[in-house]
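**Student:** Below are the sequence and a predicted model; questions follow.
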Amino acid sequence: MDTPLIEFKDVTKRFGNRTVLERVNLQIYEGQITTIIGLSGAGKSLILKHIIGLIQPDEGAIFFRGKPIAEMKRTEIATSFAQMSYMFQGNALFDSLTVYDNIALPLRETTNLKKAEIDRRVMARIEQTELTEAAHRYPSELSGGMQKRAALARALITDPQIVLFDEPTSGQDPVRKNAILSMIAQYQRKFNFTAILVSHEIPDVYFISNRILALYDCRIVFQGTPEELENFDHPFTDEVISSMESLQKELTGLYSKRQFKIFNHVQMKRSTAGEFYCIVFFSLQELNTIITKFGHDAAQDVLRDMGLYIDKHFGAIGGFSTRRDTNELITMLPYANLSEAESIIQDFVQDFHEQVTRTIQAVACKSVLGEPTELTIMAGVAQGQSTSNIDSVIALAKSQQKEIGRLHCAAGE
């Protein structure tokens with residue numbers, strides 16, 4: 001793998017007799033979204049403060065592009081830190097300044113740009129983060145989502161190569177948490193910066209992260225992809241991840257992919273050789289259009305309601321479900337063969353049209369302006385056996401998808 005953009009080697013930090021970080025080793029790579037997870041108070045935010053130079057380690061070394069920061073000249077350090085931007089946990093917008101002035105502040109304070117150039121850059125960021133109508137409003141007049149976008153626009157105004165996010169979803173409801181994470185992923189792709197997040201939003205944060213760092217008992221105990229974390233066998237898994245995933249299941253009706261795999265493994269062990277099961281694959285088409293036209297909040301409302309209803313319908317008969325990707329959900333029906341599963345799907349489709357369509361359409365249409373938009377719900381089912389590779393059964397179910405619902409949204413409906 002390439003040289004890490006940022007690397008900690010045996011970093012230790014103490015406050016009096018209390019050790020907060022002990023011999024921490026980690027690597028962060030350029031162009032990726034890296035998320036540091038762990039319990040509140042574990043020291044996650046302290047790692048960010050070390051990265052931006054607010055705090056110095058008592059022991060160990062921090063490297064930037066392979067070079068120890070302690071050996072850099074002052075000009076080199078200043079150049080390195082100038083590439084970074086920080087989005088604070090509570091947004092830290094100035095209440096007495098408009099959105100425009102909040103975003104312009106870093107340019108006014110740290111550059112010698114002329115007023116016209118500052119205006120050009122600020123208005124470009126305002127347009128890119130969909131804040132044009134709010135440019136001359138004050139933070140107190142904005143929704144929580146718009147405040148987050150304003151804080152992000154300010155963090156991006158200096159064209160940073162690295163953006164650090166300290167608990168960006170803190171204090172938000174489950175729908176808005178997913179919306180904020182989705183927004184970060186969208187803008188990371190658009191502006192191609194390296195993102196470093198501190199978060200305890202498990203497993204939602206998995207969907208936007210390239211790498212996960214797990215902080216537990218003052219140390220980094222895991223570094224790798226979200227998929228690799230699913231197979232991580234460590235007390236961290238039970239004490240941190242499982243408790244947070246249980247809350248996620250309660251709020252959304254969906255298990256994490258890790259929990260889904262565990263349940264599947266348990267079911268397969270209980271099954272006799274050759275016993276059937278079925279996978280139902282759901283997808284929401286045009287979800288990106290919903291995000292573009294109605295915002296991330298509306299898209300997450302749709303996913304949450306869909307997840308809750310799938311769990312309500314299939315959970316009652318022993319099914320369990322997970323979110324597979326941004327717009328994909330899968331349900332496993334243990335001990336069901338193909339004909340039984342198809343019969344259940346028919347009942348689900350009927351109820352879907354009677355109940356879910358109204359719920360989701362109300363969400364998706366509540367802020368619609370302009371041309372009509374359609375959201376298509378697809379579903380496919382495939383049969384497997386206890387000896388089957390579940391990934392191949394999931395792939396078959398995906399290939400068998402058919403339209404089960406189409407929501408037509410237009411202004412005034």
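**Tutor:** That came through fine.

**Student:** quick one: the helices in the stretch 201-350 of the chain?
**Tutor:** Secondary structure of the stretch 201-350 of the chain by DSSP state H, counting those that start in this stretch: the helices cover 226-229, 235-236, 243-252, 257-270, 287-294, 296-315, 338-351.

**Student:** Select from those helices the stretch with the lowest mean pLDDT.
**Tutor:** Comparing these by mean pLDDT, the weakest confidence falls on helix 243-252, with a mean of 46.

**Student:** Surely Thr376 touches Leu287?
**Tutor:** No: using C-beta atoms under 8 Å, Thr376 and Leu287 do not qualify as a contacting pair, with a distance of 9.8 Å. Yep, even glycine has a C-beta here, placed from its N, CA and C like the rest.

**Student:** Looking at the two, which is more packed in?
**Tutor:** Between Thr376 and Leu287, counted using other C-beta atoms under 10 Å, the more crowded position is Leu287 (19 against 14).

**Student:** OK, contacts around the more buried one?
**Tutor:** Residues counted as contacts of Leu287 (C-beta atoms under 8 Å, 6 or more residues apart in numbering) are 299, 302-303, 326-327, 375.

**Student:** at 10 Å what do you get?
**Tutor:** Leu287 sits next to 182, 299-300, 302-303, 326-328, 375-376 when contact means C-beta atoms under 10 Å, 6 or more residues apart in numbering.

**Student:** Now Gly384. Nearest residue, chain neighbours left out?
**Tutor:** Val393 (3.7 Å; C-beta to C-beta, 6 or more residues apart in numbering).

**Student:** Let me know the distance separating that neighbour from His313.
**Tutor:** 20 Å (C-beta to C-beta, to the nearest Å).

**Student:** Could you pick out the longest strand of the protein?
**Tutor:** strand 373-385 (DSSP state E).

**Student:** Walk me through which strands that strand pairs with, and which way each runs.
**Tutor:** With DSSP bridges as the test, strand 373-385 is paired with strand 276-284 (antiparallel), strand 402-409 (antiparallel).

**Student:** Include mean neighbour count and distance to Gly43 when you put those strands into TSV, please.
**Tutor:** Listed next are the strands paired with strand 373-385 as TSV, based on neighbours: other C-beta atoms under 10 Å; distance: least, C-beta to C-beta, whole Å:
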stretch	mean neighbour count	distance to Gly43
strand 276-284	23	38
strand 402-409	16	45
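
**Student:** Name all residues that make contact with the residue nearest to the spatial centre of the chain.
**Tutor:** Centroid check for the chain by C-alpha atoms, centre = their mean gives Val205 as the closest residue, at 3.4 Å. Contacts of Val205 were listed using C-beta under 10 Å, 6+ apart, and they are 33, 35-37, 168-169, 177-178, 181, 184-185, 197, 199, 212, 226.

**Student:** same deal with Asp159?
**Tutor:** Asp159 neighbours (C-beta under 10 Å, 6+ apart): 83, 85, 121, 125, 191, 193.

**Student:** quick one: which of those residues sit in strands?
**Tutor:** Ser85.

**Student:** tell me which of the contacts of Asp159 is nearest to Gly144?
**Tutor:** Gly144 lies nearest to Arg125 out of the contacts of Asp159, by C-beta to C-beta, at 19.4 Å.

**Student:** mind checking how far that closest one is from Glu141?
**Tutor:** On the measure of C-beta to C-beta, Arg125 and Glu141 end up 19 Å apart.

**Student:** out of those two, which sits in the more crowded spot?
**Tutor:** Arg125 (22 against 12).

**Student:** residues contacting the more buried one?
**Tutor:** Arg125 neighbours (C-beta under 10 Å, 6+ apart): 100, 103-104, 131, 149-150, 152-157, 159, 191.

**Student:** want to throw those residues into a markdown table with pLDDT and secondary structure?
**Tutor:** Conversion of the contacts of Arg125 to a markdown table gives the following (pLDDT from 0 to 100; DSSP: H, G, I helix; E, B strand; the rest coil):
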| residue | pLDDT | secondary structure |
| --- | --- | --- |
| Tyr100 | 94 | helix |
| Ile103 | 94 | helix |
| Ala104 | 93 | helix |
| Leu131 | 86 | coil |
| Arg149 | 83 | helix |
| Ala150 | 88 | helix |
| Leu152 | 83 | helix |
| Ala153 | 87 | helix |
| Arg154 | 91 | helix |
| Ala155 | 88 | helix |
| Leu156 | 85 | helix |
| Ile157 | 90 | coil |
| Asp159 | 85 | coil |
| Phe191 | 82 | helix |
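
**Student:** Show me the protein divided up by domain.
**Tutor:** 6-247, 253-409 (automatic domain parsing).

**Student:** how about the longest strand of the chain: buried residues?
**Tutor:** 373, 375, 377-384 (16 or more other C-beta atoms under 10 Å).
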